[in-house]
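[1] Any chance you can model this:
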Amino acid sequence: MAGMDRNTGKALSGWPHVVQSLGVLLTTARASRVMRRPFGSDLPRKVDAPISPANVVDFYAAAASAIDAHEPRFRVKRFSVEDATGGAIAMLAEGVYYPRGHLGDFSISEPQTASIAL
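    Got it, this is the predicted structure:
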């Protein structure tokens, strides 16, 4: 799958395209796109929530369900909190990149594990 880099306008494909797509997915409020109501996540609605163990679990769940529903090229295996200071939270999503996942092909010639800062 190929797309366009949202900052430079140049062609984008492979893993960099997946990273950009995940960023768009996780920062778009669900039901905010008129012709694509299911697209997005509940993360933008949780921005002002206090950082507590229960809210961190909600954050994980919102990210995982959005990625599972809308990004077939990446499967989350584990989330972890990298930093939770100063009123912000930095999380890491680790998973497997499937280059042809959008075509329903979840086989890979050699396993690739990737990390994404959320």
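
[2] looking at it, Ser32 is touching Asp42, isn't it?
    No: using CB atoms under 8 Å as the test, Ser32 is too far from Asp42 to be in contact (11.2 Å). No exception for glycine: its C-beta is placed from N, CA and C like everyone else's.

[3] Comparing the two, which residue is more hemmed in?
    More crowded of Ser32 and Asp42, by other CB atoms under 10 Å: Asp42, with 17 against 11.

[4] Check the separation of the first and last residues in stretch 28-48.
    Start-to-end span of stretch 28-48 (CA to CA, to the nearest Å) is 15 Å.

[5] any idea of the mean pLDDT in that stretch?
    Across stretch 28-48, the average pLDDT comes to 90.

[6] just how off-centre is the lengthiest helix in the chain within its chain?
    Assignment by DSSP state H gives helix 53-70 as the longest helix of the chain. Offset of helix 53-70 from its chain centre (CA atoms, centre = their mean, to the nearest Å): 10 Å.

[7] That helix - contacts with which helices or strands?
    helix 14-27, strand 74-83, strand 90-97 (3 or more CB pairs under 8 Å, 6 or more residues apart in numbering; DSSP states H and E).

[8] looking at these, which is closest to Pro38?
    helix 14-27 (11.3 Å; CB to CB).

[9] which residues are in contact with the longest helix of the chain?
    Helix 53-70 is contacted by residues 22, 25-26, 30, 38-43, 46, 49, 74-76, 79, 81, 84, 89, 91, 93, 118 when judged by CB atoms under 8 Å, 6 or more residues apart in numbering.

[10] same thing but 6 Å
    25-26, 41-43, 46, 49, 76, 79 (CB atoms under 6 Å, 6 or more residues apart in numbering).

[11] Equivalent analysis for stretch 95-103, please.
    Contacts for stretch 95-103 (CB under 6 Å, 6+ apart): 1, 15, 72-77, 106, 112, 114.

[12] got any ranges where the chain has weak pLDDT?
    Within the chain, the ranges that satisfy pLDDT under 70 run 109-118.
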